[in-house]
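> Output the structure for:
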Amino acid sequence: MNRSHSIYSQASALLTRPFRLVRDRFWRAGWAGAYEVGYAARVSVWLRWLIIAMYAFMYFERTFSFPASQNNAYGALLCVLIVFNGLVHFRLWSGRPLTWRWMLALSAADVVLVTAAVWISGGFSTLFSYLMYYPALALFAVLFTSWRLNLVWVSLVALAYTLTCLMAGDGIDLADREEMILLARVAVMYTVALAVNLVARYERAGRLRATERESALQQERIDLSQSIHDTAAQSVYMIGLGVDSARKLAGDTNAELSETLEATSQLSQSVMWELRRPIDAGRLFEGRDLGTVLRAHTETFQRITTVSTRMKQRGVEPYLGVDTRSRLFSIAHNALTNAFRHADASNVYIMLDFEGDCISLK
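Next comes the predicted model:
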C-alpha cells in the first residue's frame, strides 16, 4: 500500500509540475507585498462603492429609458455588486489577510461584472460601461507586477469584451468602421495595463531597495552591538575588576590613592553602563519587545551600579516600530544614567504602561 501511495505521489507531482512552474513563473514572482495589496484593496473597495452609487442613482432615477427586462437585469447586477463589495469590505475591516487567491478572485469578479454590465447595456453601443475595464485592469497591474501575467490577463479581458461587442445588442457595424473604435478601446486596455504595471514595478523595486538597505543597516547595528559586547565591554569589565581589587589591597593606608581608585571605579562603571546601551539596543533590531529589552537593561543597570532597580509593566505591548521602540529605550536609558550620575539615587522604579490609548513611561 505504501508503494502504491508513493507511485501515486510521484505521478501526481510529475503531472502538476508544469502547472507549478507556470504558477511560480507568472504569479509568485510578481505578487505585490502586503502594503501594495492592502492599499490597492482599500482603493478598489471605495471605488466600487462610488460606482455602485452611480449605478443606483441612474437605476432609480431612470436616467436612460431601458426596457423593463433590462432594468431588472441592472437591478440584479447592482445587488450582486453590493453583496460582493460588502463582503470584501468586511474582510478588510475585520483585519483578515488577503491572499493572492482572494485578489485574483476579486479581479476576475470585476471583469465578470463589467462584462455583464456591457452586455446588459447593449454591447458595443454602450456609452460608459466599458470604461470600468480600465480601473479593473489597473488594479490587477498593481497587485500582480509580472508583465507576462498582465499581458495574458489583458488579452483575456480584451477577448471577453470583443466577444461581448460582437454578440450583444446590434453587434458591430463594419460599414461605419466601428471595428476601428473597438480596436482603439482594446489598445487603450493594453496601454493602461502595461503603463500601470511599469509604474508599479518601478515603485516596488524602489521599496525593495529601501527595505534591503534598512535590513543591512539593522544587521550592522546588531553586529556592532555584538562586537562591543565581545571587545570593549569585556575589557572595561576586566579593568573594573582590577580597580576594585586594587581598592581592596590599598585599604585606608593612602587616602589620596583610595580617592583616585574610587573615582576610577566609578568611571569604569559609567563607561560600562554606556557601552550597554548599544549592546541592549541591538536586541530591538532583532525584533524583541520593548518590555523584554528594557527589563533586561534595568537588571544590567542594577548589576553595574549596585543601585536597587525595579521595573513594572502594565498591559500588553502593542506592535511598535523599531524607531518608536528605540526612542522609548533611549528615554529610559538616559533617565537611568541621570539617576546614577547626578541624583545619587538608592532606588529606581520604572513603569511601562500600555493600558489605554497611549503609552506611558515613568
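
> Report the contact partners of the nearest residue to Ala138 once chain neighbours are set aside.
Once flanking residues are discounted, Ala138 sits nearest to Val196: 4.5 Å by C-beta to C-beta, 6 or more residues apart in numbering. (C-beta placed from N, C-alpha, C; glycine too.) Going by C-beta atoms under 8 Å, 6 or more residues apart in numbering, Val196 touches Leu137, Ala138, Ala141, Val142.

> swap in Ala41?
Val88, Leu92, Leu98, Met103, Leu106.

> The second one: what secondary structure?
Using DSSP: H, G, I helix; E, B strand; the rest coil, the structure places Leu92 in helix.

> mind checking how far Met311 is from Asp353?
Using C-beta to C-beta, to the nearest Å, Met311 is found at 12 Å from Asp353.

> again with His342
25 Å.

> next one: Ala53
Distance from Ala53 to Asp353, counting by C-beta to C-beta: 44 Å.

> So for these two, which residue has more residues nearby?
Asp353 (14 against 10; other C-beta atoms under 10 Å).

> Pretty sure that one sits against Ser360.
Yes. Using C-beta atoms under 8 Å, Asp353 is in contact with Ser360, at 3.9 Å.

> Going along the chain, name the strands of this protein.
Here the chain has its strands, by DSSP state E, at 308-314, 347-353, 360-361.

> Point out the other helices and strands that the first one packs with.
Strand 308-314 is packed against helix 290-305, strand 347-353, with contacts defined by 3 or more C-beta pairs under 8 Å, 6 or more residues apart in numbering; DSSP states H and E.

> same check, this time on the second one
With contacts defined as 3+ C-beta pairs under 8 Å, 6+ apart, strand 347-353 has these neighbours: helix 290-305, strand 308-314, helix 322-341, strand 360-361.

> okay, those, which one's buried deepest?
Of all those, helix 290-305 carries the top mean neighbour count, a mean of 18, counting by mean count of other C-beta atoms under 10 Å.

> relative to strand 308-314, how tilted is that helix?
If you take axes from the mean of the first three to the mean of the last three C-alpha atoms, to 10 degrees, helix 290-305 sits at 170 degrees to strand 308-314.

> sorry, back to before: okay, the strands of the chain in a markdown table with distance to Val114 and mean pLDDT next?
Below are the strands of the chain laid out as a markdown table (distance: least, C-beta to C-beta, whole Å; pLDDT from 0 to 100):
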| stretch | distance to Val114 | mean pLDDT |
| --- | --- | --- |
| strand 308-314 | 53 | 82 |
| strand 347-353 | 52 | 82 |
| strand 360-361 | 52 | 77 |
